[in-house]
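Visitor: quick check, what structure comes out for this input:
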Amino acid sequence: MSSENQATREANQEFISKKQRLFSPMAETSSNSNGSSASVTLIPEDHLFSILLLLPVESVLCFAMTCKKLKSLAYSDSLWESICKRDWGHIPVDSLKGSNRLHQFPWKKLYHQVYLLDSVFCTKLLSEKNPDAVLEILPCPRASHSLNLVSGCLVLFGGGCQGGRHCDDTWVAYIGNDFKRKLNWQKIASGIPSGRFGHSCIVINDFLILFGGINDHGARQNDTWIGRLTLHDRSGSITLSWRLLDITSTAPPPRGAHACCSLNNKRMVIHGGIGLSGLRLGDTWILNLSEDLCFGRWAQVVVDQNCPPSRSGHTLTHIGGEQTILFGGRGVGYEVLHDVWLLDGAASSDEEGNWRWRQVLFELHSVPRGFDLPRVGHSASLIIGRRLLIYGGEDSNRRRKDDFWVLDIGSMVNGVYRKMWRRVESEGERPNCRSFHGGCVDDSGRFLYVHGGMVDGVIQPSDPSGLRFDGESFVVEVVVLQQP
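Guide: Residues are numbered from 1 along each chain as shown. Here you go, the predicted structure:
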């Protein structure tokens with residue numbers, strides 16, 4: 001084992017040991033000997049419940065040490081379900097409650113497992129053969145495509161493939177109820193939108209919103225499309241209809257390889273990318289949609305303070321409220337970056353309000369194997385526990401990565417994030433090193449789905465440019481439920 005790996009394991013073990021001590025069973029000590037707990041027990045239980053929800057987890061666990069009666073309340077399943085909703089949001093908790101595997105699973109135990117998060121489990125997704133098909137037709141290997149999860153379906157669109165060609169096809173695979181880790185890909189309408197790679201695609205209210213991209217002639221796009229997926233119960237078929245979104249005369253300049261995310265399930269945010277003549281961009285735009293999603297309005301975010309340098313191949317991830325996190329990418333000098341920026345619109349009342357960029361500083365020397373952090377073409381997903389899971393990408397020498405990192409956005413102290421980065425181990429069927437893949441998470445934030453990308457290795461065929469494309473899919477389970 002190398003010294004770098006040993007340092008990583010020791011740092012992770014130190015982190016895990018501290019968290020395990022935090023959640024260890026609390027001793028019922030001599031605190032009963034004083035009168036403090038007796039006075040607290042006179043407070044009605046529903047009032048105590050409300051008070052505990054205002055406290056950090058550490059204080060709740062300390063409260064459980066006072067006496068047996070209060071420990072029962074502090075360890076109650078109803079309280080920890082409410083704590084999970086408070087710290088993670090309602091959508092992940094509601095999604096977890098609908099899981100059959102979570103039946104009678106204690107919420108405190110689940111919070112504990114999410115809190116530790118020292119490893120993820122990877123499983124390759126097999127492609128299910130269609131018995132009625134003469135030839136098995138599957139998505140061709142590709143990179144710089146989009147992968148979204150909408151209405152219980154993975155939707156794969158576009159990308160670049162061998163020979164530098166773009167793809168104009170759309171594929172859908174249902175992973176809803178009784179999903180058996182086998183993908184039954186269905187190819188649906190092609191040609192609309194036109195073929196492209198390096199575009200962005202997000203989900204808003206079960207609709208797909210697509211912007212920009214580059215075609216195989218090198219032409220940059222700045223069109224905006226909206227897609228609606230329909231599952232037909234009787235026939236079992238899936239259809240996807242696209243239409244060009246009606247927008248005002250103002251639109252972002254054409255680009256590809258930009259970063260994008262959905263903001264509060266009602267707006268699209270884009271940043272940077274590669275514009276005309278290969279120029280890397282550093283501008284920020286917001287698409288505000290009408291309630292009926294019939295038209296939209298683009299507005300550029302103008303900031304007076306510092307903002308991220310121009311770049312491409314980076315990520316934007318919504319972390320709640322009016323905040324998004326930008327990470328990594330390739331700069332104007334082709335350098336690969338590792339900086340983190342926060343876009344905050346909490347003080348704004350509309351898309352042209354008081355938006356501010358702020359760099360999130362961290363101590364690189366405190367990050368085990370921190371020299372591995374700079375990357376481009378990675379994925380960054382908000383997972384359960386309101387943390388970012390960074391996967392893959394490549395460095396300045398185009399060496400592709402297969403590592404997983406957790407970015408703890410809640411560890412800020414006095415404006416500097418301390419120990420905000422932590423590398424986690426991967427178990428199961430470890431995927432190949434890859435970059436410019438597609439990735440998306442489910443509503444619970446427990447599962448990350450990954451497809452395609454550029455990979456290393458001599459097994460895959462390559463074209464004269466040396467680019468190798470992958471057509472595999474796999475799922476990353478962030479929290480493996482283990483019954484107590």
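
Visitor: so which residue is dead centre in this protein?
Guide: residue 381 (1.1 Å; C-alpha atoms, centre = their mean).

Visitor: next, work out how far apart that one and residue 344 are.
Guide: Per C-beta to C-beta, to the nearest Å, residue 381 is found 20 Å from residue 344. For the C-beta atoms, the positions are set from N, CA and C on the backbone; glycine is no exception.

Visitor: ditto for residue 86
Guide: Here residue 86 is placed at a distance of 21 Å from residue 344 (C-beta to C-beta).

Visitor: hey, what's residue 147 bridged with?
Guide: residue 156 (DSSP bridges).

Visitor: you'd agree it is up against residue 154?
Guide: Yes. Contact criterion C-beta atoms under 8 Å: residue 147 and residue 154 qualify, at 6.4 Å.

Visitor: surely residue 264 touches residue 322?
Guide: Yes. Residue 264 lies in contact with residue 322 (C-beta under 8 Å); the separation is 7.2 Å.

Visitor: the two: who's more crowded?
Guide: The neighbour comparison of residue 264 against residue 322 (other C-beta atoms under 10 Å) goes to residue 322, with 18 against 11.

Visitor: next one: the closest residue to the more buried one other than its chain neighbours relative to residue 424, how far apart?
Guide: Spatially, and ignoring its direct neighbours in sequence, residue 322 is nearest to residue 345 (3.8 Å; C-beta to C-beta, 6 or more residues apart in numbering). Between residue 345 and residue 424 the distance is 30 Å, computed by C-beta to C-beta.

Visitor: ok, those two, which is more surrounded?
Guide: Neighbour tally, residue 345 and residue 424, criterion other C-beta under 10 Å: the higher count belongs to residue 345, 22 against 19.

Visitor: got phi/psi on that one?
Guide: The phi and psi values for residue 345, taken as degrees, to the nearest 10, are phi -120, psi 20.

Visitor: for residue 320, see how far away it is.
Guide: Distance, residue 345 to residue 320, using C-beta to C-beta: 12 Å.

Visitor: cool, and residue 97?
Guide: From residue 97 to residue 320 the distance is 20 Å (C-beta to C-beta).

Visitor: helices and strands of this structure: which one has the lowest mean pLDDT?
Guide: Counting by mean pLDDT, DSSP states H and E, the chain has its least confident helix or strand at helix 3-23, which shows a mean of 56.

Visitor: ignoring the adjacent residues along the chain, who's closest to residue 320?
Guide: Spatial nearest neighbour of residue 320, excluding adjacent residues (C-beta to C-beta, 6+ apart): residue 386 at 6.5 Å.

Visitor: close enough to count as contact, the one you found and residue 317?
Guide: No. Judged on C-beta under 8 Å, residue 386 makes no contact with residue 317 at a distance of 10.8 Å.

Visitor: so what touches the helix or strand containing residue 473?
Guide: Using DSSP states H and E, residue 473 sits in strand 469-477. Residues outside strand 469-477 that contact it (C-beta atoms under 8 Å, 6 or more residues apart in numbering) are 120-125, 127, 138-143, 154, 160-162, 181, 183, 389, 391, 404, 426, 429, 431-432, 434, 437, 446-455, 460.

Visitor: the same query, at a cut-off of 6 Å, please.
Guide: For strand 469-477, the external contacting residues (C-beta atoms under 6 Å, 6 or more residues apart in numbering) are 120-125, 141-143, 161, 183, 431, 447-453, 455.

Visitor: just these: which are in strands?
Guide: 120-125, 161, 183, 447-453, 455 (DSSP state E).

Visitor: what's the spacing between the residue nearest to residue 322 and residue 196?
Guide: From residue 345 to residue 196 the distance is 29 Å (C-beta to C-beta).

Visitor: and residue 389, how many neighbours does it have?
Guide: Applying other C-beta under 10 Å, I find that residue 389 has 25 neighbouring residues.

Visitor: so what pairs up with the closest residue to it other than its chain neighbours in the strands?
Guide: Counting by C-beta to C-beta, 6+ apart, residue 389 lies nearest to residue 383, which is 4.7 Å off, once chain neighbours are set aside. Note on residue 383: beta-bridge partners by DSSP bridges are residue 387.

Visitor: what's the burial count for residue 305?
Guide: Residue 305 sits with 7 neighbouring residues when counted by other C-beta under 10 Å.

Visitor: assumed it was part of a helix.
Guide: No. Applying DSSP: H, G, I helix; E, B strand; the rest coil, one finds residue 305 to be coil, outside a helix.

Visitor: phi, psi for it please.
Guide: phi -100, psi -170.

Visitor: returning to what we had before: list buried residues within the contacts of strand 469-477.
Guide: Among the contacts of strand 469-477, those classed as buried by neighbour count (16 or more other C-beta atoms under 10 Å) are 120, 122-123, 125, 141-143, 161, 183, 431, 447-453, 455.

Visitor: what's the single longest strand in the protein?
Guide: Taking DSSP E as the criterion, the chain has its longest strand at strand 220-231.

Visitor: give the buried residues for that one.
Guide: 220-227, 229.

Visitor: then stretch 237-246?
Guide: For stretch 237-246, by 16+ other C-beta under 10 Å, it's 238, 240, 242, 245.

Visitor: for the stretch 201-350 of the chain, what spans make up the strands?
Guide: Here the stretch 201-350 of the chain has its strands, by DSSP state E, counting those that start in this stretch, at 207-214, 220-231, 238-244, 246-247, 259-263, 267-274, 280-289, 295-300, 311-312, 315-320, 323-327, 330-331, 340-344.

Visitor: distance to residue 471 added to these, as TSV?
Guide: Formatted as TSV, these follow (distance: least, C-beta to C-beta, whole Å):
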stretch	distance to residue 471
strand 207-214	20
strand 220-231	22
strand 238-244	20
strand 246-247	34
strand 259-263	24
strand 267-274	25
strand 280-289	29
strand 295-300	33
strand 311-312	24
strand 315-320	22
strand 323-327	27
strand 330-331	25
strand 340-344	32
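
Visitor: of these, which is nearest residue 399?
Guide: strand 330-331 (13.9 Å; C-beta to C-beta).

Visitor: outside of that closest one, which residues touch it?
Guide: For strand 330-331, contacts defined as C-beta under 6 Å, 6+ apart pick out 309, 311-313, 336-337, 376.

Visitor: same thing but at 7 Å, please
Guide: Among residues not part of strand 330-331, those counted as contacts by C-beta atoms under 7 Å, 6 or more residues apart in numbering are 309-313, 336-337, 376.

Visitor: gap between residue 336 and residue 259?
Guide: From residue 336 across to residue 259, the span is 15 Å (C-beta to C-beta).

Visitor: and the two? Which one has more around it.
Guide: Neighbours were counted for residue 336 and for residue 259 using other C-beta under 10 Å; residue 259 has more, 25 against 21.

Visitor: my guess is the more buried one contacts residue 312. True?
Guide: No. Residue 259 lies out of contact with residue 312 (C-beta atoms under 7 Å); the separation is 8.4 Å.
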